[in-house]
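**Q** dropping a prediction and its sequence here:
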Amino acid sequence: MKTAIIGDIHGRTLWERLNINNFDKLIFIGDYFDSHNEINGRHILDNFNNIVNLKSKNREDVILLFGNHDYHYIAIEKYSGYNSLYSFDYKEAIQNSLHLLNLAYELNKNTIVSHAGISKTWMIGNKIKEDDLYISLHDFLSKYPDSLEFCGRDMYGDDVTQSPIWIRENALLRDSAFNTQIIGHTMKKKMCSVNNFGTTLWFVDVLDTKRQYLLWDEKEFNIVNF
């Protein structure tokens with residue numbers, strides 16, 4: 001079984017180079033909106049709609065996760081990169097797709113994919129059960145409406161109380177809820193993994209640097225160029 005895990009999109013279309021027929025699953029790590037490279041706002045919206053369309057045609061084989069640069073279009077709080085010109089269109093597109101989005105995906109036992117990572121403190125503090133991590137985002141937000149808001153004392157988000165769309169690697173390494181986590185959110189010069197405190201983290205936010213995706217074949221992870 002071959003699973004491709006694709007890092008933060010931010011309007012990029014590199015994912016189109018992957019033929020879904022060559023994989024058992026495609027997992028998008030989230031952050032479909034807010035370009036760091038001045039990609040046209042309309043292009044970003046069209047790209048998201050194309051990804052959603054791929055999901056709609058391949059419900060079981062395409063997994064769409066959710067990031068902080070997606071969340072602030074349906075929340076009160078706003079973060080850097082917020083596009084006020086297209087905010088209404090982005091909000092409408094996201095809200096119409098909540099039933100197709102997820103917060104996390106279980107790759108196998110104790111190996112979890114999410115946008116930024118899942119801490120034990122966040123799960124305990126919000127009384128979140130593991131099974132609820134994998135329900136649709138629509139159902140998750142209905143059940144835990146405030147659980148994704150930015151919190152903690154660190155302005156960068158490096159706090160164990162932060163949610164799976166915001167927590168940073170140092171806090172996650174100290175308080176990981178799972179043995180292995182595949183995450184985006186923090187851009188890296190190249191795809192890599194870190195092992196510490198009994199936790200392994202794979203970082204896949206590299207589409208702006210190395211243009212790679214992470215391939216899982218049920219035996220090992222491999223880094224592949226687009």
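**A** Perfect, I can see it now. Numbering: from 1, shown residues only.
**Q** so what's residue 40 up against?
**A** residue 11 (C-beta atoms under 8 Å, 6 or more residues apart in numbering). Bear in mind the C-beta positions are built from the backbone N, C-alpha and C, glycine included.
**Q** what segments of the protein are strands?
**A** Using DSSP state E, the strands of the chain run over 3-6, 25-28, 62-65, 101-102, 104-108, 111-114, 180-183, 192-196, 199-203, 212-216, 221-225.
**Q** adding mean neighbour count, write those out as a markdown table.
**A** What follows is the strands of the chain, written out as a markdown table (neighbours: other C-beta atoms under 10 Å):
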| stretch | mean neighbour count |
| --- | --- |
| strand 3-6 | 23 |
| strand 25-28 | 24 |
| strand 62-65 | 24 |
| strand 101-102 | 22 |
| strand 104-108 | 18 |
| strand 111-114 | 24 |
| strand 180-183 | 25 |
| strand 192-196 | 12 |
| strand 199-203 | 20 |
| strand 212-216 | 21 |
| strand 221-225 | 14 |
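**Q** switch the ones you listed over to JSON lines; also include distance to residue 51 and mean pLDDT.
**A** Formatted as JSON lines, those follow (distance: least, C-beta to C-beta, whole Å; pLDDT from 0 to 100):
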{"stretch": "strand 3-6", "distance to residue 51": "10", "mean pLDDT": "98"}
{"stretch": "strand 25-28", "distance to residue 51": "6", "mean pLDDT": "98"}
{"stretch": "strand 62-65", "distance to residue 51": "7", "mean pLDDT": "98"}
{"stretch": "strand 101-102", "distance to residue 51": "10", "mean pLDDT": "98"}
{"stretch": "strand 104-108", "distance to residue 51": "15", "mean pLDDT": "96"}
{"stretch": "strand 111-114", "distance to residue 51": "16", "mean pLDDT": "98"}
{"stretch": "strand 180-183", "distance to residue 51": "18", "mean pLDDT": "98"}
{"stretch": "strand 192-196", "distance to residue 51": "25", "mean pLDDT": "94"}
{"stretch": "strand 199-203", "distance to residue 51": "21", "mean pLDDT": "97"}
{"stretch": "strand 212-216", "distance to residue 51": "14", "mean pLDDT": "97"}
{"stretch": "strand 221-225", "distance to residue 51": "19", "mean pLDDT": "97"}
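**Q** turn these into a markdown table, columns for distance to residue 15.
**A** Output for those, formatted as a markdown table (distance: least, C-beta to C-beta, whole Å):
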| stretch | distance to residue 15 |
| --- | --- |
| strand 3-6 | 5 |
| strand 25-28 | 7 |
| strand 62-65 | 10 |
| strand 101-102 | 16 |
| strand 104-108 | 16 |
| strand 111-114 | 15 |
| strand 180-183 | 16 |
| strand 192-196 | 21 |
| strand 199-203 | 18 |
| strand 212-216 | 8 |
| strand 221-225 | 13 |
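**Q** mind checking these for the one nearest to residue 150?
**A** Each of these has some distance to residue 150 by C-beta to C-beta; the shortest is strand 111-114, at 16.0 Å.
**Q** which strands and helices sit next to the closest one?
**A** Applying 3 or more C-beta pairs under 8 Å, 6 or more residues apart in numbering; DSSP states H and E, we find strand 111-114 packed against strand 62-65, strand 104-108, strand 180-183.
**Q** what's in contact with the second one?
**A** With C-beta under 8 Å, 6+ apart as the test, strand 104-108 has contacts from 3, 27, 63, 65, 112-114, 118, 133-134, 164, 182, 216, 218.
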